[in-house]
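[1] The following block contains a protein sequence and its predicted model.
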Amino acid sequence: MAPRPAPQAPVARDPDQRPLASPAVRKHALDLGIQLRLVQGSGPAGRILHEDLEAYLAQGSATPAKGGSGYAERHDEQQIPVIGMRRKIAQRMQEATQRAAHFSYVEEIDVTALEELRVHLNEKHGAHRGKLTLLPFLVRALVVALRDFPQMNARYDDEAQVIHRSGAVHVGIATQSDVGLMVPVVRHAEARSLWDSAAEISRLATAARNGKASRDELSGSTITLTSLGALGGIVSTPVLNLPEVA
């Protein structure tokens, strides 16, 4: 078994800056009664991980929320209506699993050199061009891969039994928001530089999370990219964004 990578050094955070954490970590912190602004994150860019919450509790810095003992019986029950946008998203995802066959292929790639390049570019150009995350590199890699596999950049009309292959690469970026999963679209990714893609991804993600993305910004993708790397998982199988084939 390959050794786990060494944990990253904690990143200093401005007291007024909103802590970086996934929705799952935020929920866990809420259940534990922990204020995230008091926790030192050890993930990329200072992101707070589940392990950081455990370390915070181990230091005696917080008291678990009342009733949080794993050995105490609990009999409470909540009924949470699924309405509005969440219901539409759930219905669309259920429809996708029923109308399209899902298949996953997993490959492991060493991105050490890529990460070194990202850090180098940020150190050299980040101050005036903005910081690069890994996502714009993935978008660019997808664009290059589609040159060899253009059949993946397509939409399938299952009623007419016709595949519409697209020359333009309009990449949907799966984005978590308070109302559910949104997919804003980076249009013509094939014509964008790394920084152009990074700026557009950031703009669209912010608009989606704030509920300000337009209908046009949330439609028309030809292929969708889902990145769960920040959650620390290994493999996932996203639901197809119909009528896309990948």
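    Alright, I've got the coordinates.

[2] My read is that Gln240 contacts Gln94, right?
    Slight slip there: residue 240 is Leu, not Gln. No: using C-beta atoms under 8 Å, Leu240 is not in contact with Gln94; the gap is 12.0 Å. Placement of C-beta: from N, CA and C, glycine included.

[3] in the protein, which spans are helices?
    23-32, 50-58, 84-99, 112-129, 135-148, 194-209 (DSSP state H).

[4] count of neighbours near the closest residue to Asp178 other than its chain neighbours?
    Closest residue in space to Asp178, ignoring its immediate chain neighbours: Arg209 at 7.2 Å, by C-beta to C-beta, 6 or more residues apart in numbering. Using other C-beta atoms under 10 Å, Arg209 has 16 other residues around it.

[5] Go ahead and confirm Arg209 touches Gly180.
    No: if you go by C-beta under 8 Å, Arg209 and Gly180 don't touch, sitting 11.2 Å apart.

[6] pLDDT score assigned to the closest residue in space to Ser202 that isn't next to it in sequence?
    Using C-beta to C-beta, 6+ apart and skipping the chain neighbours, the partner closest in space to Ser202 is Gly130 (7.8 Å). With respect to pLDDT, Gly130 scores 89.

[7] Now do the same contact list for Gly130.
    Counting by C-beta atoms under 8 Å, 6 or more residues apart in numbering, Gly130 touches Trp195, Ala198, Ala199, Ser202.

[8] Which residue ranges make up the domains of this protein?
    Residue ranges for the domains of the chain, per automatic domain parsing: 1-71, 84-231.

[9] Quick one: distance of the last one to the chain centre.
    So that's domain 84-231. 9 Å (C-alpha atoms, centre = their mean, to the nearest Å).

[10] So for stretch 42-52, what gets flagged as buried?
    Residues of stretch 42-52 classed as buried by neighbour count (16 or more other C-beta atoms under 10 Å): Ser42, Gly43, Gly46, Arg47, Ile48, Leu49, His50, Asp52.

[11] Quick one: the residues you listed as a markdown table, columns for pLDDT and distance to Ile83 too.
    Below are those laid out as a markdown table (pLDDT from 0 to 100; distance: C-beta to C-beta, whole Å):
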| residue | pLDDT | distance to Ile83 |
| --- | --- | --- |
| Ser42 | 89 | 38 |
| Gly43 | 87 | 33 |
| Gly46 | 85 | 35 |
| Arg47 | 87 | 31 |
| Ile48 | 92 | 30 |
| Leu49 | 92 | 32 |
| His50 | 90 | 30 |
| Asp52 | 92 | 34 |
